[in-house]
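# Sequence first, then the predicted structure:
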Amino acid sequence: MEIIIFGGGMMGEAIAFDLFNHSDYFINFVENSSHRIKFLKTRFSKFNDKFTIHALDITNDISSITELLNKSKLAFGAIDYKFNLELTKLCIKTKTHFLDLGGNNSVVKKQHELNNLAKNSQVIIVPDCGLAPGMANIIASGIISLFDSVNSCHIRVGGLPQSPKGILKYQQVFSIRGLTNEYIEESVILKNAKITKVPSLTEVEKLQFKDPIGELEAFHTSGGSSSLPNLFQNKINDLNYKTIRYPGHAKFFQFLQEYELLSEQKINEFTYREIIEKQLSKLLPKNTPDLVIVRIIVEGLIRDKPTKHQWELIDYMDEVNQITSMGRTTAYPISIIAQMILEKNITKYGVLYGEVDVPFDIFLSEMKKRNMDFDIIISD
């Protein structure tokens with residue numbers, strides 16, 4: 001059975017690594033960077049008989065891409081979210097299941113508008129399948145399902161360098177465009193059980209973690225709550241998502257926002273945002289050991305008793321196999337969901353919501369197989 005990974009960057013690489021180790025599917029990479037093509041050929045040389053790389057441009061080689069999709073069962077979008085809508089349309093046309101890493105609310109909304117078309121084509125489309133949106137949202141929804149009624153759900157997620165350096169104390173572990181998008185667009189939350197939008201980079205709070213991590217900060221960002229506010233409006237009083245960073249990170253990006261240095265205003269041929277992104281991409285550290293933190297706190301009633309669940313995952317880079325923690329926690333979940341589709345654990349057609357359409361118990365079990373196991377504290 002053939003599948004496609006659009007994008008051979010850090011996330012596409014990690015998706016492939018998981019598939020090579022947990023399935024027998026043949027992978028077609030679609031990647032037009034000669035540097036990444038060379039890297040992937042070397043990186044996965046021992047799997048030479050299980051993959052090939054197609055040097056195609058997703059904007060200019062549509063006929064070749066359509067031909068590939070026609071002979072593939074499933075495709076991954078591990079590229080810039082701006083391509084996800086057109087890839088969704090192409091996959092519906094070619095009857096190819098499609099999953100992406102999402103992260104942009106407007107794009108995801110347009111994908112869900114194609115639900116009937118996907119159903120009619122007997123295709124499964126699952127947007128927002130990464131870390132957050134993605135894994136963290138599926139876990140949060142699963143925890144919520146354990147309660148008879150829920151008052152609050154707070155999701156806190158962050159990818160961090162293990163040894164922070166510089167004023168940002170941050171390193172590039174995924175697309176810089178995706179990062180700035182999280183900070184620019186509004187965050188969607190539930191407040192008084194109603195959908196509310198709040199500016200990103202606001203309501204900074206302090207969080208404490210066990211040594212050697214210590215004190216961190218968390219603040220509103222866009223995209224992370226995914227479909228949870230829509231699914232649980234009028235059911236949960238207080239639901240929000242915040243991104244975790246080292247202290248001081250939010251203030252730096254608040255400065256960029258205040259002085260319009262993340263705006264689309266042009267200076268010569270580039271926008272201010274593009275210039276900032278170019279410099280961040282150039283100067284931020286890369287390829288140093290990282291960690292990912294997921295903390296989800298749900299409070300409500302179970303059998304009429306006030307109950308609080310805190311689920312926490314602290315995941316570290318796999319230095320033996322050279323897979324970042326961000327790669328593990330972003331790419332492995334989308335790979336797990338894809339394998340669930342191909343193994344008929346998910347059979348519902350249409351544009352699905354991972355939070356309610358991915359079987360929680362199977363998903364959690366597959367996470368544990370990959371050494372991603374939550375510590376759970378239950379209290380009154």
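Sure, I can see it. Residues are numbered from 1 along each chain as shown.
# C-alpha only now, for contacts and for neighbours.
Noted.
# how about low-confidence regions in the stretch 151-300 of the chain?
Scanning the stretch 151-300 of the chain for pLDDT under 70 picks out no residues.
# Okay, strands next: where are they in it?
187-191, 194-198, 205-209, 214-220, 236-245, 266-267, 270-271, 290-302 (DSSP state E, counting those that start in this stretch).
# Would you reformat those strands as a markdown table and include mean neighbour count?
Formatted as a markdown table, these follow (neighbours: other CA atoms under 10 Å):
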| stretch | mean neighbour count |
| --- | --- |
| strand 187-191 | 24 |
| strand 194-198 | 16 |
| strand 205-209 | 12 |
| strand 214-220 | 19 |
| strand 236-245 | 24 |
| strand 266-267 | 11 |
| strand 270-271 | 14 |
| strand 290-302 | 21 |
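# For Asp49, which of those strands is the nearest?
strand 290-302 (31.1 Å; CA to CA).
# Skip the chain neighbours and tell me the closest residue to the residue lying farthest from the centre of the chain.
The centre of the chain is farthest from one residue, Asp304, which by CA atoms, centre = their mean lies 34.7 Å away. For Asp304, ignoring the flanking residues on the chain, the nearest one in space by CA to CA, 6 or more residues apart in numbering is Asp148 at 7.9 Å.
# The one you found touches Leu301, doesn't it?
Yes: here Asp148 reaches Leu301: they are 5.7 Å apart, a contact under CA atoms under 8 Å.
# Give me the nearest residue to Ser141, chain neighbours excluded.
Ser141 sits nearest to Glu355 (CA to CA, 6+ apart), 5.6 Å away.
# That neighbour: what's it in contact with?
Applying CA atoms under 8 Å, 6 or more residues apart in numbering, we find Glu355 in contact with Gly134, Asn137, Ile138, Ile139, Ala140, Ser141, Gly142, Ser227, Leu228.
# which of the residues you listed tops the neighbour count?
Gly134 (30 neighbours; other CA atoms under 10 Å).
# List the beta-bridge partners for that residue.
Gly130 (DSSP bridges).
# ok, now Glu215?
Beta-bridge partners, per DSSP bridges, of Glu215: Gln208.
# so who does it touch?
Counting by CA under 8 Å, 6+ apart, Glu215 has contacts Lys206, Leu207, Gln208, Phe209, Tyr246, Pro247.
# Among the residues you listed, which one sits closest to Gln279?
Nearest member of the contacts of Glu215 to Gln279, counting by CA to CA, is Tyr246, at 20.3 Å.
# any chance you could map the helices in the stretch 251-380 of the chain?
Applying DSSP state H, counting those that start in this stretch to the stretch 251-380 of the chain gives helices spanning 272-283, 325-342, 354-357, 360-369.
# ok so, going back, could the strands of the stretch 151-300 of the chain go into CSV alongside distance to Met372?
Output for the strands of the stretch 151-300 of the chain, formatted as CSV (distance: least, CA to CA, whole Å):
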stretch, distance to Met372
strand 187-191, 27
strand 194-198, 31
strand 205-209, 18
strand 214-220, 21
strand 236-245, 19
strand 266-267, 44
strand 270-271, 40
strand 290-302, 11
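# Model confidence at the spatially most central residue of the chain, what's the number?
With distances taken as CA atoms, centre = their mean, the residue of the chain nearest its centroid is Gly130 (2.5 Å). On pLDDT, Gly130 comes in at 91.
# Now that it has come up, it's in contact with Leu99, right?
No: judged on CA under 8 Å, Gly130 makes no contact with Leu99 at a distance of 9.5 Å.
# Between those two, which contacts overlap?
What both Gly130 and Leu99 touch, as defined by CA under 8 Å, 6+ apart, is the set Ile334.
# circling back to that earlier point, want to try a markdown table for the contacts of Glu355, with distance to Asn321 as columns?
Below are the contacts of Glu355 laid out as a markdown table (distance: CA to CA, whole Å):
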| residue | distance to Asn321 |
| --- | --- |
| Gly134 | 23 |
| Asn137 | 27 |
| Ile138 | 26 |
| Ile139 | 26 |
| Ala140 | 29 |
| Ser141 | 31 |
| Gly142 | 30 |
| Ser227 | 33 |
| Leu228 | 34 |
